[in-house]
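Student: Got a predicted structure plus its sequence, pasted below:
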Amino acid sequence: METEIELATIQYATFFQRVIARIIDMTIIIGIAKGVSYLAFNFIQQDTPETAEYIIDGLNQALPAFAIMLWVTLYSPIMESTGGTVGKRIIGIKMVEDNDQHKSPRFLNCAARAWIYLIFVMLLIIPAIASCIYVLYNDKKITFHDKMFDMVCVSYRK
């Protein structure tokens, strides 16, 4: 009986909550990547001023890739496995295991989920769009990469 009551009170995160959380998280990652690049650029200008412009131009081109790798390898897996990304915490949602809504997902599952999402977005844009649309039409409001790793995004603010 207790389990039925708990299941009835679970509130899954909406599409818009997830979008706003993602925008916040992207802003944070871009800020971190820009900050790291600024420090690197200053170091390069002081250390090798004669070739600094050439090196900095190349690093500027790699900045988006650096931000994506920062997201996939560190930010998302670490934050999701410890209670949610900053954006999700601000919005009041978090990823949990589907079979135990009180348990945060394991780090390796979060890392694999982030890599699958990267593949969806970078290599196969149609699955990424389909995954977002899928959120709108299923009871648990999950994406394909959530479903692959048995995770759901729940709202913990009533």
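Tutor: Here it is on my side, so go on.

Student: average pLDDT for stretch 151-158?
Tutor: Mean per-residue pLDDT for stretch 151-158: 86.

Student: Residues touching it, excluding its own?
Tutor: 10-14, 17-18, 88, 92-98, 101, 105, 109, 113, 140-142, 146 (Cβ atoms under 8 Å, 6 or more residues apart in numbering). Where C-beta positions appear, they are placed from N, C-alpha and C, glycine not excepted.

Student: list the buried ones in stretch 83-90?
Tutor: Neighbour-count burial for stretch 83-90, counted by 16 or more other Cβ atoms under 10 Å, picks out 84-85, 87-88.

Student: Kindly reformat the residues you listed as TSV and extend each row with pLDDT.
Tutor: Listed next are the buried residues of stretch 83-90 as TSV, based on pLDDT from 0 to 100:
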residue	pLDDT
84	91
85	93
87	95
88	94
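
Student: okay, those in TSV with secondary structure next?
Tutor: As requested, the buried residues of stretch 83-90 are arranged in TSV below (DSSP: H, G, I helix; E, B strand; the rest coil):
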residue	secondary structure
84	coil
85	coil
87	helix
88	helix
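
Student: tell me the contacts of the closest residue to residue 23 other than its chain neighbours?
Tutor: Spatial nearest neighbour of residue 23, excluding adjacent residues (Cβ to Cβ, 6 or more residues apart in numbering): residue 87 at 7.1 Å. Shown in contact with residue 87 (Cβ under 8 Å, 6+ apart): 20-25, 28.
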